[in-house]
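Undergrad: have a look; sequence and predicted model below, questions after that.
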Amino acid sequence: MITADVVSFSYGRTLVLDGVEVAVAPGQVVGLIGPNGSGKTTLLRTLYAALTPRAGLVALDEKPIGDLRPRELALRLAVVAQEGSGELPLTVADTVLLGRAPHLTTFQRPGRGDHRIAAAALARVGVRHLADRVFAGLSGGEKQRVLIARALAQQADHLLLDEPTNHLDIRYQHEVLALVRRLGVTTVVVLHDLNLAARYCDELVLLDTGRVAATGTPDVVLRPEVLEPVYGIGVQRIATDDGVQLLFRPLDHEEKPA
Amino acid sequence: MALGGIDVAELVDDHEPEDDLGHAARRRSTVLWVGGLSAGLLVTLVLAVGLGAVGIAPGTVARVVGHHLVGWPSEVVWTPAQDSIVWRVRLPRVILGALVGAALAVCGVALQAMVRNLLADPYLLGVTSGASTGAAAAILFGLGAGFGENALSASAFLGALAASVAVFLVARAGGRITSLRLLMAGVAVGYALYAATSFLIFAADSAEGARSVLFWLLGSLSLARWSIPLAVVVVVVCLTIALLMVWGRRLDALAIGDETAHTLGVPPTRFRMQLLVVVSLCVGSIVAASGGIGFVGLVIPHVARRFVGAGHGRVIPVAALIGAIFLVWADVVARTVLEPRELPIGIITALVGAPFLLILVRRFHASGA
């Protein structure tokens, strides 16, 4: 379980998060949605203690996240963040094996089990054949899948993902999120695509300029009257045979003739 | 699974043949490289001791060393001059060369990972300028006279450490040490100390001071003998290599990025500070013993990565061995090519290193990595 209790954060004097409350129940997949600059990534970074909130408390299973040692935290919480790969020509195998790092003591080398888990994690996201390639030389979608494989290899019971479907083609967007759902671990995922959010999340948190604008099931949050003021875009909701689809059009300020 | 996390059973299919992610092949290749290079280093040491103004056969070199080390062969069949050249003059020099080469190479690897810049080298931390300032001050003002015959080395070491501390403090202003801050602080402190040294020499108008500062800026192994500074270098370099090997995985994580390191349980700022302390102590000790020998710490890490990939668990030992072999041969050339005069070794390493770096840069871009 992950909870953020009245969390505020500011870069310098700019308040980026203002009293945000989030509670993610065990096994739940919660989506963070909101326009650019609404604080989604900042909130996610406070959830994995890369940022310390100015006020409020982030807790993992009711334990303040600041009290956990770095390795303990890495055993409990895996993260797929948006970060470059550095300049060194590390291979995909090197990269994914790092997911086993929290499970090893300083003097321990990865053993047979670690290699098997890393290989299986790569296979799960369909990139086992890339193991010997240099990570920095992969396409955006391949990189993204390798990073997800590393998070899987970490075998934590909490998973945080920052726009994991970035760079992925439509098939892998669905495959990756379906995979995340099947894992059954407590998950927080930042998503831009509201239709993906509708299909794969149990609950959504809609952020608007650092505040929670709405929270609840996709059915409650993904309504035109909730989304339109936040995104400033016209939303049409269509019921389909397996859920809902949202359609978008620019908000026209002049009333069209009926 | 006991962890309650992502299920291993779901990830690993027991019916399929075991997939080790190519680990066995990688391990075999690393073992071959380390074994081959270790043998190469041994041959290098014996040959390098034999080469010089007076040539001595490798067999004789081996026997003299064996006699001194383990008392075998006990029967002396070589001249006292040969004994002295091998044991007292050349062996300490060749050993210092191997240690300095290994240390520069591994410290280069560590710093390149730490600042995430493939052009970083061990002198990034201002240690060379610091050491030459310390040495200049010692010569011109008699600083560090309390250290007796090792006064020069001691004050060069203190100068190097002071420079590292200055870089560290400047980079730390604001709480976090980032790659960019560290690079900028290193450049700033380096230039400031360089100016200070130049001013010291200029103001004192001392020819000896100028020569000595040149020694520290270009580097030389000619001070090597069986002494306390050499013993210090042996201990510091071996400990540094061992520690960096143990830290291999953390270096991998830090090289990818601070955020990644954090999420894998490696606190980036704390680890960077630990690395800074270890690398400054190591580079400070070798610069005090041999001056600032350029290009080794910059080029050798790239060579090692071409051989065994970028994973630090493999790169550190391989870089140490290649650095050791390279520097010993560079010193052989430095002391034999213009006999009886001796070239500063920094000239040789730059002559070999600069074109090598150009080739690597071309390849690097060609491969698109």
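TA: Looks like it came in fine. Numbers count the residues shown, from 1 in each chain, chains lettered A, B, ... in the order given.

Undergrad: what helix or strand does the spatially closest residue to B:Val279 that is not a sequence neighbour sit in?
TA: With CB to CB, 6 or more residues apart in numbering or on different chains as the criterion, B:Val279 has its nearest non-adjacent residue at 4.9 Å, and that residue is B:Cys107. Every residue, glycine included, has its C-beta placed from N, CA and C. Element membership of B:Cys107, judged by DSSP states H and E, is helix B:91-115.

Undergrad: nearest the geometric middle of the chain, what residue?
TA: If you meant another chain, say so; for now it's chain A. In chain A, the centroid-proximal residue (CA atoms, centre = their mean) is A:Leu161; its distance is 2.1 Å.

Undergrad: other chain: chain B
TA: B:Leu104 (1.4 Å).

Undergrad: so that residue versus chain A, what's the distance?
TA: 19 Å (CB to the nearest CB, to the nearest Å).

Undergrad: wait, what's in contact with residue 245?
TA: Just so you know, I chose chain A. With contacts defined as CB atoms under 8 Å, 6 or more residues apart in numbering or on different chains, A:Gln245 is in contact with A:195, A:198, A:237-238.

Undergrad: if you could check chain B rather than the one you did, that'd help
TA: Contacts of B:Met245 were listed using CB under 8 Å, 6+ apart, and they are B:313, B:316-317.

Undergrad: what residue in the stretch 201-350 of chain B comes nearest to chain A?
TA: B:Gly265 (3.3 Å; CB to the nearest CB).

Undergrad: got the residues of the stretch 151-300 of chain B near chain A?
TA: Residues of the stretch 151-300 of chain B that fall close to chain A, judged by CB under 8 Å from any CB of the partner chain: B:246-247, B:249-250, B:252-253, B:255-257, B:259-260, B:262-267.

Undergrad: about what we covered before: burial check on the residue nearest to B:Val279, number of neighbours?
TA: 33 (other CB atoms under 10 Å in any protein chain shown).

Undergrad: also B:Ala81?
TA: B:Ala81, neighbours per other CB under 10 Å, totals 10.

Undergrad: what's around the residue nearest to it when sequence neighbours are not counted, how many residues?
TA: Leaving out its chain neighbours, the residue that sits closest to B:Ala81 by CB to CB, 6+ apart is B:Val54, at 7.6 Å. A count of neighbours around B:Val54, defined by other CB under 10 Å, yields 12.

Undergrad: hmm, back to that, give me the buried subset of the contacts of A:Gln245.
TA: Buried subset of the contacts of A:Gln245 (neighbour count, 16 or more other CB atoms under 10 Å in any protein chain shown): A:195, A:198.

Undergrad: burial of the nearest residue to B:Leu99 once chain neighbours are set aside, as a residue count?
TA: The spatial neighbour of B:Leu99 that comes closest, neighbours along the chain excluded (CB to CB, 6+ apart), is B:Val237 at 4.6 Å. If you count neighbours by other CB under 10 Å, B:Val237 ends up with 26.

Undergrad: and the pLDDT for B:Val237?
TA: With respect to pLDDT, B:Val237 scores 97.

Undergrad: and after the biggest helix by length in chain B, which helix or strand comes next?
TA: As assigned by DSSP state H, the longest helix anywhere in chain B is helix B:23-50. The helix or strand immediately downstream of helix B:23-50 is helix B:58-70, counting by DSSP H and E.

Undergrad: which neighbouring elements make contact with that next one?
TA: helix B:23-50, helix B:80-84 (3 or more CB pairs under 8 Å, 6 or more residues apart in numbering or on different chains; DSSP states H and E).

Undergrad: can we see that at 6 Å?
TA: If you count contacts as 3 or more CB pairs under 6 Å, 6 or more residues apart in numbering or on different chains; DSSP states H and E, helix B:58-70 packs onto helix B:23-50.

Undergrad: pick out the residue of chain A closest to chain B.
TA: Here the residue of chain A nearest chain B is A:Ala74; by CB to the nearest CB that distance is 3.3 Å.

Undergrad: ok, residues contacting the strand or helix carrying that residue?
TA: Using DSSP H and E, A:Ala74 sits in helix A:70-76. By CB atoms under 6 Å, 6 or more residues apart in numbering or on different chains, the residues outside helix A:70-76 that reach it are A:60, A:102, A:156, A:158, B:264-265, B:267.

Undergrad: what sits against the residue nearest to the centre of chain B?
TA: B:122, B:296-297, B:323.

Undergrad: ok, back up a step: quick check: pLDDT value at the residue nearest to B:Val279.
TA: So, for B:Cys107, pLDDT stands at 95.

Undergrad: roughly how far apart are it and chain A?
TA: Counting by CB to the nearest CB, the gap from B:Cys107 to chain A is 16 Å.

Undergrad: before we move on, back to that, quick one: the residue nearest to the centre of chain A is in a strand?
TA: Yes. According to DSSP: H, G, I helix; E, B strand; the rest coil, the state of A:Leu161 is that of a strand.

Undergrad: got the residue ranges for the helices in the stretch 101-250 of chain B?
TA: B:127-141, B:151-172, B:179-204, B:207-218, B:228-246, B:248-256 (DSSP state H, counting those that start in this stretch).

Undergrad: any idea what the closest residue to A:Thr41 other than its chain neighbours is bridged to?
TA: Closest residue in space to A:Thr41, ignoring its immediate chain neighbours: A:Asp162 at 5.8 Å, by CB to CB, 6+ apart. A:Asp162 forms beta bridges with A:Val190, as assigned by DSSP bridges.

Undergrad: I figured the residue nearest to B:Leu99 hits B:Ala98, correct?
TA: No. In terms of CB atoms under 6 Å, B:Val237 does not count as a neighbour of B:Ala98; the distance is 9.2 Å.

Undergrad: part of a helix, is A:Asp252?
TA: No. Read with three-state DSSP, A:Asp252 is coil and lies in no helix.

Undergrad: tell me, how many residues neighbour it?
TA: 8.

Undergrad: show the pLDDT at it.
TA: 72.

Undergrad: got a list of what it touches?
TA: Residues near A:Asp252 by CB under 6 Å, 6+ apart: none.

Undergrad: all strands for chain A, in order.
TA: A:2-11, A:14-24, A:29-33, A:55-60, A:63-64, A:77-80, A:158-162, A:186-190, A:203-208, A:211-216, A:233-240, A:243-250 (DSSP state E).

Undergrad: can you list the strands that the first one pairs with?
TA: Strand A:2-11 has the following sheet partners, assigned by DSSP bridges: strand A:14-24 (antiparallel), strand A:55-60 (antiparallel).

Undergrad: do you know how far B:Tyr123 is from chain A?
TA: In terms of CB to the nearest CB, B:Tyr123 sits 19 Å off from chain A.

Undergrad: same check, this time on B:Pro355
TA: On the measure of CB to the nearest CB, B:Pro355 and chain A end up 21 Å apart.

Undergrad: what mean pLDDT does the helix or strand that contains that residue get?
TA: Assigned by DSSP H and E, B:Pro355 belongs to helix B:345-366. Mean pLDDT, helix B:345-366: 81.

Undergrad: in it, what counts as buried?
TA: For helix B:345-366, by 16+ other CB under 10 Å, it's B:345-346, B:348-350, B:352-353, B:356-357, B:360, B:364.

Undergrad: repeat that for stretch A:51-65.
TA: Those would be A:51, A:53, A:56, A:58-60, A:65, for stretch A:51-65 by 16+ other CB under 10 Å.

Undergrad: try stretch B:182-190
TA: Result for stretch B:182-190 [16+ other CB under 10 Å]: buried residues B:182-183, B:185-186, B:189-190.

Undergrad: any chance of those in TSV, plus pLDDT?
TA: Output for the buried residues of stretch B:182-190, formatted as TSV (pLDDT from 0 to 100):
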residue	pLDDT
B:Leu182	84
B:Leu183	85
B:Ala185	89
B:Gly186	88
B:Val189	91
B:Gly190	89
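
Undergrad: thanks a lot, see you next time.
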